[in-house]
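Peer 1: 3D, please:
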Amino acid sequence: MSAGEAFQQKSADVIVVGGGPAGVAAALELKARGIARVMILDREPALGGATRHCLHSPFGMREFGRVYFGPAYAQRLQRQAQNAGVDIRTGHSVVELGQDGALLVTSARGVETLKARRIVLATGAREKPRSARLLPGDRPVGVVTTGTLQSYVAFHGIMPFRRPLIIGSELVSFSALLTCLTHRARPVAMIEPEPHPLALSPFQWFPRLAGVPFYCGAVLTDIRGRGRVEEADIRLADGRILTVQCDGVLLTGRFTPEATLLNASPVDVAAGSVGPLIDQDGRMPNPIFFAGGNVLRAVETGGWAFREGRRVGAAVADDLVREPCGAPGVPVTFADPLKLAVPAMLRPGGLDRPAFRDFQLRFTRHVQGRLSLHLDGTEVWSKTGLWRPERRVLVPIPAAAFEAGQIAFHFREAN
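Peer 2: I've put the predicted structure just below:
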């Protein structure tokens with residue numbers, strides 16, 4: 001067999017990088033639309049992404065019509081992909097993206113190159129570790145993220161501490177609190193640097209109902225410990241320093257797209273999100289690359305990622321029957337307090353059924369005022385309200401936007 005023949009055997013029509021809800025959904029949709037050779041590459045030993053170690057529900061209500069806990073949902077994703085005939089390759093890490101659709105991949109078999117007509121990036125998101133948060137203090141054992149905690153519990157039956165301090169108040173923060181309480185750990189406190197909790201109101205009461213002190217506007221100023229965490233200092237909103245005795249610090253939330261692969265490859269990254277830059281079809285500036293799920297803007301639920309992945313998969317299937325659309329995109333511009341916009345560009349000549357019919361926006365902070373969308377300097381949409389960080393904001397993409405030369409979001413803060 002020649003090298004060229006061996007290369008062709010390793011190729012596919014579409015390669016999906018990432019086997020979480022978005023990646024599996026894209027692959028399922030591609031197979032349902034008659035795409036013969038669909039491959040999923042995932043570095044973990046099984047599909048499912050972060051849901052594999054989420055020991056809570058609900059998952060799967062809208063996708064499969066029933067409620068699953070995270071591990072069962074991940075197993076359902078794996079079965080669905082297997083039954084659909086997807087070529088599943090776990091334990092495979094992509095280390096480089098080639099502009100021609102060639103991927104440099106490492107696995108237990110060594111290093112190989114795989115190539116496809118289209119590539120879908122669905123690598124998800126991750127929480128920022130201590131190094132990215134620039135936290136002060138000693139470097140003892142016991143400072144972990146929610147993902148690490150849930151992996152310890154789900155895969156090894158290990159609770160790494162008994163009296164942790166929890167930092168953050170996003171939805172995942174309350175999931176972390178629940179994991180602690182249900183595995184015989186009693187957090188000493190929960191703190192949020194912002195002046196307001198980031199999760200919705202019903203979840204804000206959970207710490208107090210569980211007897212866990214909850215402080216907003218509070219900042220971790222020191223971690224002390226020799227072998228492991230022993231105590232931490234917290235600066236409260238009124239300036240007082242509170243010292244708590246704890247044996248761990250649990251860092252929750254502050255998700256960021258898992259975009260390390262993009263940093264090592266000649267791929268455009270969107271402003272604000274550090275995820276892939278995409279148009280209304282989920283297509284990147286290089287038209288053979290697409291992206292969907294939490295790699296675009298951390299973080300959404302597994303169900304949201306699944307539905308988005310399915311729409312991107314449909315767009316890729318439609319795109320395969322024509323020449324790739326290489327028309328330049330028109331960037332979507334914005335400024336603080338807006339953090340990001342997805343899609344961050346619009347491209348004329350796109351598909352009749354775009355994967356994204358709304359702009360998805362995020363704010364950097366809790367703010368009140370008027371948000372507006374302008375096309376070529378003319379306002380076409382506006383809304384006044386109270387906007388919270390990390391809350392999803394959807395703005396319909398007007399048809400006129402695809403013909404516009406300038407697309408910009410503006411914000412006027414209330415006095």
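Peer 1: now do residue 5, the pLDDT please.
Peer 2: Residue 5 carries a pLDDT value of 43.
Peer 1: buried set for stretch 402-415?
Peer 2: For stretch 402-415, a neighbour-count test (16 or more other CB atoms under 10 Å) marks 402, 404, 407-409, 411 as buried. For the C-beta atoms, the positions are set from N, CA and C on the backbone; glycine is no exception.
Peer 1: quick check, pLDDT for residue 268.
Peer 2: Per-residue confidence at residue 268 stands at 79 (pLDDT).
Peer 1: for it, which non-adjacent residue is closest in space?
Peer 2: Closest residue to residue 268 apart from its sequence neighbours, by CB to CB, 6 or more residues apart in numbering: residue 277 at 4.2 Å.
Peer 1: check contacts around that neighbour.
Peer 2: Contacts for residue 277 (CB atoms under 8 Å, 6 or more residues apart in numbering) come out as 268-270, 284-285, 344-345.
Peer 1: can we see that at 10 Å?
Peer 2: 262, 267-271, 283-285, 291, 296, 329, 331, 342-345 (CB atoms under 10 Å, 6 or more residues apart in numbering).
Peer 1: list phi and psi for it.
Peer 2: Per-residue torsions, residue 277: phi -80, psi 120 (degrees, to the nearest 10).
Peer 1: can you check the pLDDT for it?
Peer 2: Looking at residue 277, its pLDDT reads 94.
Peer 1: tell me how far it lies from residue 340.
Peer 2: Computed as CB to CB, to the nearest Å, the residue 277 to residue 340 distance reads 11 Å.
Peer 1: got any residues that touch both of the two?
Peer 2: 270-271, 296.
Peer 1: not counting its neighbours along the chain, what's nearest the residue most central in space within the chain?
Peer 2: Nearest to the mean C-alpha position of the chain, by CA atoms, centre = their mean, lies residue 294 at 2.6 Å. Computed as CB to CB, 6+ apart, the closest residue to residue 294 that is not its neighbour in sequence is residue 125, at 4.0 Å.
Peer 1: for the one you found, give the beta-bridge partners.
Peer 2: Listed by DSSP bridges, the beta-bridge partners for residue 125 are residue 257.
Peer 1: cool, residue 386 as well?
Peer 2: residue 368.
Peer 1: verify the stated contact: it with residue 370.
Peer 2: No: in this structure residue 386 lies outside contact range of residue 370 using CB atoms under 10 Å: 11.4 Å.
Peer 1: which one of the two is surrounded by more residues?
Peer 2: residue 370 (13 against 10; other CB atoms under 10 Å).
Peer 1: list the contacts of that one.
Peer 2: Neighbours of residue 370 in contact, by CB under 10 Å, 6+ apart: 382-385, 410-414.
Peer 1: hmm, back to that, of the buried residues of stretch 402-415, closest to residue 214?
Peer 2: For those, the closest approach to residue 214 (CB to CB) belongs to residue 411, at 29.6 Å.
Peer 1: what sits closest to the closest one if chain neighbours are left out?
Peer 2: Per CB to CB, 6+ apart, closest to residue 411 is residue 371, 5.3 Å.
Peer 1: correct me, but that neighbour touches residue 409?
Peer 2: Yes: taking CB under 10 Å as the definition, residue 371 is a contact partner of residue 409 at 6.7 Å.
Peer 1: can I assume residue 71 sits in a helix?
Peer 2: Yes: the assignment for residue 71 by DSSP: H, G, I helix; E, B strand; the rest coil puts it in a helix.
Peer 1: how many neighbours does residue 75 have?
Peer 2: 16.
Peer 1: residues contacting it?
Peer 2: Taking CB under 10 Å, 6+ apart as the criterion, residue 75 is in contact with 46-48, 51-52, 68.
Peer 1: on that earlier part again, quick one: the residue nearest to residue 411 and residue 336, what's the gap?
Peer 2: For residue 371, the distance to residue 336 - CB to CB - is 13 Å.
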